[in-house]
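S.K.: Whatever this is, show me its structure:
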Amino acid sequence: MRVLNMAEWAIGARDEALHQSDGEHLWNESYYFDFTTSDGSLAGYIRLGIYPNWNRAWYWACLVGRDRPTVLLVDNAAPLPGADLEVSGAEYTAAMAVERPLESARVTLRAQDLDLDLRWQSVGGVYGYSLTPRYEIPCLVSGTVNGRPFEGHGERDHSWGVRDWWSLSWTWSSGRLEDGTFVHGMQANIGMPLPWPAFTVTPGGELTHADGFAVGADFEGDQPVEARLEYPRMTTIVTPIAFAPVTLTSPEGAKAEFSRALCRFTAQDGRGGYGWTEWHQPPGWREHGWHPLL
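M.R.: The predicted structure is shown next:
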């Protein structure tokens, strides 16, 4: 398994497990899993965010698709899980398990309208961020959704460190084009260019850092309507199909809107695909350096 790490710290099998908190109140450890069919007809994501110093976990799961109602489970007061990453609430039980470090992981969820048993199989290697302890893994996804067979693609990631959702806005996007190319990029909206975390994976499985990545986005009111991802030698437009947003409340009562959506991806050469994009909107987000479409 090739690891393309942009930071000085090494990524290894031990990083798939929980890390030691540094004591900061908003220190957070996060596991994400998203998935979509190749035609974008069905998609979802699962996130477990662990706040050991706030004495709670956030568990989110959703199922969306074209012309279907959104099913969204949000528990922002879940009990802290142990090393087994099992969590439960009044109406659900869930678990995450790394089967082979950096290669495969499994998620299960039992809830009233959500029954997931899915496996993420790594393709193209592991991408480590340079700006924060975090890695992203493009994957093929298979298993069952509400008792029916599922085949598709997605991405999983793991991060740890202080995360203040109410002070910084960003755009994050990950998708797969119809020829098998994965595209991924993240940009914090601070009004200046930096070497933002971004990569592409060719149909043959070659993972490459996308140096010079940039994002532009347009809104109708507070609703994202389109984003442009600028990679070296490739531009991709993402258009939301179905949203599964979450409202986040800080310990002091501030509100942030986490707008996450299944999106259609369209490359400049006409290749299409599907994936997930998020536009995070904390208080005062319009003054955070958002760029309109280029």
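S.K.: shaky segments in the protein?
M.R.: Using pLDDT under 70 as the threshold, the predicted model of the chain has low-confidence ranges 293-294.
S.K.: Contact partners for the residue most central in space within it?
M.R.: Centre of the chain computed as the mean C-alpha position; nearest residue by CA atoms, centre = their mean is Tyr32, 5.5 Å away. For Tyr32, the residues meeting the contact criterion (CB atoms under 8 Å, 6 or more residues apart in numbering) are 45-47, 155-158. Placement of C-beta: from N, CA and C, glycine included.
S.K.: Output the residues you listed in a markdown table, with distance to Arg134 appended to each entry.
M.R.: A markdown table is the format used below for these (distance: CB to CB, whole Å):
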| residue | distance to Arg134 |
| --- | --- |
| Tyr45 | 16 |
| Ile46 | 17 |
| Arg47 | 14 |
| Glu155 | 12 |
| Arg156 | 12 |
| Asp157 | 6 |
| His158 | 7 |
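S.K.: mind putting those in a markdown table, neighbour count, distance to Leu109 and secondary structure included?
M.R.: Output for those, formatted as a markdown table (neighbours: other CB atoms under 10 Å; distance: CB to CB, whole Å; DSSP: H, G, I helix; E, B strand; the rest coil):
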| residue | neighbour count | distance to Leu109 | secondary structure |
| --- | --- | --- | --- |
| Tyr45 | 22 | 11 | strand |
| Ile46 | 23 | 7 | strand |
| Arg47 | 19 | 12 | strand |
| Glu155 | 25 | 18 | strand |
| Arg156 | 25 | 15 | strand |
| Asp157 | 21 | 18 | strand |
| His158 | 23 | 18 | strand |
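S.K.: And these, which is closest to Arg233?
M.R.: Of all the contacts of Tyr32, Glu155 has the smallest distance to Arg233: 21.6 Å, by CB to CB.
S.K.: I'd like to know how far the closest one sits from Gly124.
M.R.: Using CB to CB, to the nearest Å, we find Glu155 at a distance of 10 Å from Gly124.
S.K.: overlap in contacts of those two?
M.R.: With contacts defined as CB under 8 Å, 6+ apart, the residues adjacent to both Glu155 and Gly124 are 138, 182.
S.K.: Helix or strand for the residue nearest to the centre of the chain, just tell me which one.
M.R.: Take DSSP states H and E as the rule and Tyr32 turns out to sit in strand 27-36.
S.K.: Dump that strand to CSV, keeping only the CA atoms.
M.R.: Written as CSV, here are the backbone C-alpha positions of strand 27-36 (Å, rounded to 0.1, in the frame of the first residue of the first chain):
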residue,chain,number,x,y,z
TRP,A,27,-9.4,18.3,20.7
ASN,A,28,-11.3,15.9,18.3
GLU,A,29,-10.7,12.6,16.7
SER,A,30,-12.7,12.0,13.5
TYR,A,31,-13.5,9.0,11.3
TYR,A,32,-15.3,9.6,8.0
PHE,A,33,-16.8,7.1,5.6
ASP,A,34,-18.7,8.1,2.5
PHE,A,35,-20.1,6.1,-0.4
THR,A,36,-22.0,6.5,-3.7
